[in-house]
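Asks: model the following, please.
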Amino acid sequence: MTARILDGKAIAAEIRAELGEQIEVFSQQTEVTPCLAAVLVGDDPASEVYVRSKRRTCEKLGMGSQLHQLPADATDDQLLALIAQLNADRAVHGILVQLPLPPQMNTQVVLDAVDAAKDVDAFHPHNVGLISQGRPRFLPCTPHGVCQILARSELPVSGRRVVILGRSEIVGKPLASMLVQKTSHLGSEYANATVTVCHSRTEDLAAISRQADVLVAAIGKASFVTAEMVQPGATVIDVGINRTENGLVGDVDFEGVKEVAGAITPVPGGVGPLTIAMVLTNTFTAARLAVQQSASA
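Replies: Prediction:
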């Protein structure tokens, strides 16, 4: 059996097309252009590529975009001053601070400084709390992308065992929180999962991963998940992006696992394109909420 390949590029394109239509109507009705401001500290090549991709996509969808760059030796105070300026700018609806930040910066302090109503990455404690309560303002971008892949590929998780490898604040924890809810904006079939989160202290990890109906790998170790760790017929979502001598690879040994799994995402071309689409979706949501708040003020 060879797994069905879940095409993240095609799904992201579908979402962008839907979003573009919604933005066109919204802008005509409100004369407001949703705007995303990206903040980049330093000159990391991978981060620059990622930010440029977001800006190009914004333009194609009729959204505004800004890029604010600070030197690699910038201080917390300099970055916090920029964030305060963007928080106060009513023309900016979403603020994205590109990670990782240089080592001299306090990442948590910086992320907490972003206005929760403009926090399109959903990292602010207020937004994390709303997610955990099942009433999100924004959904975290990569976990939301995972859910969109499952939903648009008609791979429900309700009543099924989901095993997440990785407990990061960016993927593992928020995804677990989303999938255990009683329902979601994608419907109850894409919630109500029985979720296990594995990490570096998990004993006999392979025995747990083999129980998964849906296995999500998000640990940052190239080709870590092998065929022996996967239940035959399982859905495998590879969130990892690792740079190797042979190019980009995920956390999953794609060639081996695809012979066992029922469905699998590739790297590149799987979850990655969805992450960008979800940032833009959140920016549009932020613009709509800002207009509603202004109208009710």
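
Asks: any idea how far the helix or strand containing residue 56 is from the chain center?
Replies: Assigned by DSSP states H and E, residue 56 belongs to helix 45-60. Here helix 45-60 is found 15 Å from its chain centre; the criterion is CA atoms, centre = their mean, to the nearest Å.

Asks: helix or strand right after it?
Replies: strand 64-70.

Asks: quick revisit: buried residues, the helix holding residue 56. List them.
Replies: Of all the residues in helix 45-60, those buried under the rule 16 or more other CB atoms under 10 Å are 47, 50, 51, 54, 55, 57, 58. All C-beta spots, glycine's among them, are computed from the backbone N, C-alpha and C.

Asks: just stretch 216-235 next, same as before
Replies: Residues of stretch 216-235 classed as buried by neighbour count (16+ other CB under 10 Å): 216-219, 222-225, 229-231, 234-235.

Asks: likewise stretch 257-273?
Replies: Of the residues in stretch 257-273, 257-258, 260-267, 269-273 count as buried by neighbour count, 16+ other CB under 10 Å.

Asks: quick check: of those residues, which lies closest to residue 144?
Replies: Using CB to CB, residue 271 is the member of the buried residues of stretch 257-273 that sits closest to residue 144, with 10.3 Å.

Asks: isn't that closest one right next to residue 142, touching?
Replies: Yes: counting by CB atoms under 8 Å, residue 271 touches residue 142, with 6.4 Å between them.

Asks: and the residue lying closest to residue 258 once chain neighbours are set aside, how close does it get to residue 159?
Replies: The shortest distance from residue 258 to any residue that is not its chain neighbour, by CB to CB, 6 or more residues apart in numbering, is 4.4 Å, and that residue is residue 3. Per CB to CB, to the nearest Å, residue 3 is found 22 Å from residue 159.

Asks: more crowded one of these two?
Replies: Neighbour totals were compared for residue 3 and residue 159, and residue 3 leads with 20 against 10 (other CB atoms under 10 Å).

Asks: what mean pLDDT does stretch 189-199 have?
Replies: Averaged over stretch 189-199, pLDDT sits at 98.

Asks: buried sites along that stretch?
Replies: Using 16+ other CB under 10 Å as the test for burial, stretch 189-199 gives 189, 190, 191, 192, 193, 195, 196, 197, 198.
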